[in-house]
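Trainee: Sharing a sequence plus its predicted fold:
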Amino acid sequence: MSKKIYIGTDSGATTTKFSAVWENGEAISTKLLQRPTSSEKGRAAVINGWIDGIGEFLAQNNLQWSQVHGVGLAIPGPYERYGVFGKTPNLPASFSGWDVYSDYSAALAKQAGRPLPLVVGNDGNYGGVAEARLARGNTKASVMMLMPGSGLGAAFVGTDGLALEGDTIAGMEAGHMPAALHLLGTTGKPFPCGCGRDWGCVEAYTTISGLPHLLVEKLLKYPDHELAKSAAPIKEKVLSLRSRAQKGDALAVEIFDFQARVMGLHVANLVMALDPGIVVIGGGLMDHEVTTPEFRERYLRIVRETATPYLWPQQRDTIKIIPAELGDLSQAIGAALVALYQSRT
Ligand SMILES: [Zn+2]
């Protein structure tokens, strides 16, 4: 008999990634299959793209639709309710209120010739599910994941392997909690955040979204820096900071050290509520392809050193703060894993 598999589709506004796991949770392939989401062509085109992408993934790995026993879909929030898109600036206005769960379920049933169980969830949460499975190994540790990138993704994965979702599927939006500004020596008004809150969201101090503000502040201290004189767009300037820091540029190093301190205080804050055994840090600052081991270790060291004094003694001795392993694949694999876990209940 052919082996059962569970598919994960991770759909962003521009590209969709495809993955799958066996019944034991192992990923079928670590090769990334990625296709355009085609959201500008409307709802039907997006669904067709997902079905075609799964077909392509199956063909590449010599698998059949008959082996598929569940599908997971990772999509960015916010949601109106389970499986229904809310208003989001990253998708066409016509997607607001779209019951993607029902439409994808129908398309999957048509393609497979039988109904297939579908789970739909937040992409950051599903990424956390996949990283947590690796991080905890054979232990029952609960895992908190923080992913600084363009924004700050966050997830808490309990001992059951699933992510905390909350009653309005907005649980663990931890990037929009206030940073501990009183401990950071910042002056002036808190940085603005894309979410609209004015209390100084952690996301604005730990991710690319706030780098323009951090750079402007830092250039006051380094008026002769190359970036002070450059006429390049601010976006280009801030995206150059990661490689500058790895070459020892003092301004860039200070900026990431500051971001790491903010993250350390945030970790301590969240640990007071969640008490996880393991904290996984992901995102672009932990990307093995574009960062050096020294860069990653320096960031993690500062996170640990900043968090530790605020933890309980027992936590100081036992908590692990480690880098993520799966990179771009985590959310698609996580979606497949949630489909697998749901099939067991
Ligand atoms: Zn915010």
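Mentor: Nice, I can see it.
Trainee: how about the residues of this protein that lie near the ion?
Mentor: By C-beta under 5 Å from the ion, the residues of the chain that approach the ion are 176, 193, 195, 197, 201. Every C-beta, even on glycine, is put in place using the N, C-alpha and C of the backbone.
Trainee: Which of those residues sits closest to Val21?
Mentor: If you rank the residues of the chain next to the ion by distance to Val21 using C-beta to C-beta, His176 comes first, at 31.1 Å.
Trainee: Could I get the buried residue list for stretch 210-229?
Mentor: Neighbour-count burial for stretch 210-229 flags 210-211, 213-215, 218-219, 222, 225, 227 (criterion: 16 or more other C-beta atoms under 10 Å).
Trainee: I'd like those residues laid out as a markdown table, including secondary structure and pLDDT.
Mentor: Below are the buried residues of stretch 210-229 laid out as a markdown table (DSSP: H, G, I helix; E, B strand; the rest coil; pLDDT from 0 to 100):
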| residue | secondary structure | pLDDT |
| --- | --- | --- |
| Gly210 | helix | 95 |
| Leu211 | helix | 97 |
| His213 | helix | 96 |
| Leu214 | helix | 96 |
| Leu215 | helix | 97 |
| Lys218 | helix | 95 |
| Leu219 | helix | 96 |
| Tyr222 | coil | 96 |
| His225 | coil | 97 |
| Leu227 | helix | 97 |
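Trainee: how does the chain divide into domains?
Mentor: 5-126+329-343, 136-325 (automatic domain parsing).
Trainee: Single out the most deeply packed of those.
Mentor: domain 5-126+329-343 (a mean of 19; mean count of other C-beta atoms under 10 Å).
Trainee: Now the residue nearest to Asp275 when sequence neighbours are not counted: which helix or strand?
Mentor: Closest residue in space to Asp275, ignoring its immediate chain neighbours: Gln315 at 7.0 Å, by C-beta to C-beta, 6 or more residues apart in numbering. Gln315 belongs to helix 313-318 when assigned by DSSP states H and E.
Trainee: Need the contact partners of that helix.
Mentor: 271, 275, 277, 308 (C-beta atoms under 8 Å, 6 or more residues apart in numbering).
Trainee: avg pLDDT for it?
Mentor: Averaged over helix 313-318, pLDDT sits at 96.
Trainee: and that helix, how far out from the chain's middle?
Mentor: Relative to the chain's own centre, helix 313-318 is displaced by 27 Å; criterion: C-alpha atoms, centre = their mean, to the nearest Å.
Trainee: I'd like the next helix or strand past that helix.
Mentor: Next along from helix 313-318, by DSSP H and E: strand 320-323.
Trainee: looking at the protein, which helix or strand is least sure?
Mentor: strand 79-81 (a mean of 88; mean pLDDT, DSSP states H and E).
Trainee: Listing partners with orientation, what would you give for that one?
Mentor: strand 84-85 (antiparallel) (DSSP bridges).
Trainee: Can you name the residues in contact with the partner strand?
Mentor: Contacts to strand 84-85, defined as C-beta under 8 Å, 6+ apart, come from residues 75, 79, 91, 95-101.
Trainee: rerun that using 7 Å as the cut-off
Mentor: Contacts to strand 84-85, defined as C-beta atoms under 7 Å, 6 or more residues apart in numbering, come from residues 79, 91, 95-101.
Trainee: which among those gets closest to the ion?
Mentor: The ion lies nearest to Tyr79 out of the contacts of strand 84-85, by C-beta to the ion, at 17.6 Å.
Trainee: Isn't the closest one up against Ile169?
Mentor: Yes - the pair Tyr79 / Ile169 is scored as a contact, 5.0 Å apart, by C-beta atoms under 7 Å.
Trainee: for the stretch 1-150 of the chain, which spans come out with low pLDDT?
Mentor: 1 (pLDDT under 70).
Trainee: show me where the stretch 151-300 of the chain has strands.
Mentor: Using DSSP state E, counting those that start in this stretch, the strands found in the stretch 151-300 of the chain span residues 152-157, 278-281.
Trainee: Export those strands to CSV and append columns for distance to Gly124 and mean pLDDT.
Mentor: Shown next, in CSV, are the strands of the stretch 151-300 of the chain (distance: least, C-beta to C-beta, whole Å; pLDDT from 0 to 100):
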stretch, distance to Gly124, mean pLDDT
strand 152-157, 3, 96
strand 278-281, 12, 98
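Trainee: Distance to Lys189 for those strands - can I get that in JSON lines?
Mentor: Output for these, formatted as JSON lines (distance: least, C-beta to C-beta, whole Å):
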{"stretch": "strand 152-157", "distance to Lys189": "20"}
{"stretch": "strand 278-281", "distance to Lys189": "28"}
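Trainee: What separation do you get for the residue nearest the centre of the chain and Gly210?
Mentor: The centroid of the chain falls nearest to Gly124 when counting by C-alpha atoms, centre = their mean (3.9 Å). Counting by C-beta to C-beta, to the nearest Å, the separation of Gly124 from Gly210 is 18 Å.
Trainee: Could I get the full set of helices for the stretch 101-250 of the chain?
Mentor: Here the stretch 101-250 of the chain has its helices, by DSSP state H, counting those that start in this stretch, at 123-136, 202-206, 211-221, 226-229, 234-239, 241-246, 250-274.
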